[in-house]
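Undergrad: coords please:
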Amino acid sequence: MKTNAIIQARMASTRLPGKVLLPACGKPMLELLVERMRKCRALDGVWMATTANPADQAIADLCESLGVPCHRGSENNVLQRVLECAVASKTDIIVELTGDNPLLDPVLVDRMVDIYKQNNYDFVSNILKPGYPHGMIAQVFSANLLQKVNAAADDPLDQEHVTRYIHRNPARFSLFSLEPAADQIRPNWRLTLDTPEDYKLIKIIFENLYPGQPAFSFDDILGFLDARPELVKINTHVRQKSE
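TA: Numbers count the residues shown, from 1 in each chain. Okay, the predicted model is just below:
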């Protein structure tokens, strides 16, 4: 059973164009995410799923330089794009990620993959219940499940948001939601990259933690920000875009 991370990424963004290639510590955000995911012991590989738009050639070029296989497909039907990437990579278990979340903790990803493999759940994530901050999110499911979802999902929103159909049909699937430990609960924090304010905060985190420990953890981020509560205020006013 081949387990691969599939990262959705594109240059287009209404609030922060080109955000996935913005730099921190001398590297694009997308490279930093790939670097972190390559530390996951539960992953066999990391793939990129970007669009066929000319603007996303920059992402394809970065992937080539990093040795990351890249599939290019539809911009709007992200579900189809991720499924095509899974087929091209012969992936059995998909760890679905977005390029917006460069701070994602590889240990957290490993934990979710372990839960998926050791149980009979159709879908494992940490997004179904509030607790983890935006930006510390992963979702684990099989390529076979995504095939079924692709055949059933005819709502454009379900095609744009890969797992929306699964979230909306809990009676059809066996879902598990990982919740953080009591001292990790930060549902109102934003560690995702979607606005200039988000970028400012994420850049500060990388520039303070990465040089001394490139594989810094979620707990390291918590300790850093808890000691500097003024930093969290940089983007607390930003509202997450709804589906």
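
Undergrad: let's see stretch 59-70 as CSV, backbone CA atoms only.
TA: Below are the C-alpha coordinates for stretch 59-70, written out as CSV (Å, rounded to 0.1, in the frame of the first residue of the first chain):
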residue,chain,number,x,y,z
ILE,A,59,5.4,25.7,-9.4
ALA,A,60,6.3,23.0,-11.9
ASP,A,61,9.8,24.5,-12.2
LEU,A,62,10.2,24.5,-8.4
CYS,A,63,9.1,20.9,-8.3
GLU,A,64,11.6,19.9,-10.9
SER,A,65,14.4,21.6,-9.0
LEU,A,66,13.3,19.7,-5.8
GLY,A,67,12.8,16.4,-7.4
VAL,A,68,9.1,16.4,-6.6
PRO,A,69,6.8,14.7,-9.2
CYS,A,70,4.2,17.2,-10.4
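
Undergrad: which other residues reach it?
TA: If you take Cβ atoms under 8 Å, 6 or more residues apart in numbering as the criterion, stretch 59-70 is touched by 9-11, 20-21, 28, 30-31, 34, 45-50, 72, 88-89. No exception for glycine: its C-beta is placed from N, CA and C like everyone else's.

Undergrad: pLDDT averaged over that stretch, what's the number?
TA: Here stretch 59-70 scores 98 as its mean pLDDT.

Undergrad: which SS class is the closest residue to residue 183 other than its chain neighbours?
TA: Using Cβ to Cβ, 6 or more residues apart in numbering and skipping the chain neighbours, the partner closest in space to residue 183 is residue 222 (7.7 Å). Secondary structure, DSSP: H, G, I helix; E, B strand; the rest coil: residue 222 is helix.

Undergrad: now do the contacts for residue 222.
TA: 183-184, 186.

Undergrad: export the helix or strand that contains residue 166 as CSV, just CAs?
TA: Using DSSP states H and E, residue 166 falls within helix 164-168. What follows is helix 164-168, C-alpha atoms only, in CSV (Å, rounded to 0.1, in the frame of the first residue of the first chain):
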residue,chain,number,x,y,z
ARG,A,164,-16.4,18.6,1.0
TYR,A,165,-18.6,15.8,-0.3
ILE,A,166,-17.2,13.5,2.4
HIS,A,167,-17.7,16.0,5.2
ARG,A,168,-21.3,16.6,4.0
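
Undergrad: that helix - what's its average pLDDT?
TA: For helix 164-168, the mean confidence score works out to 95.
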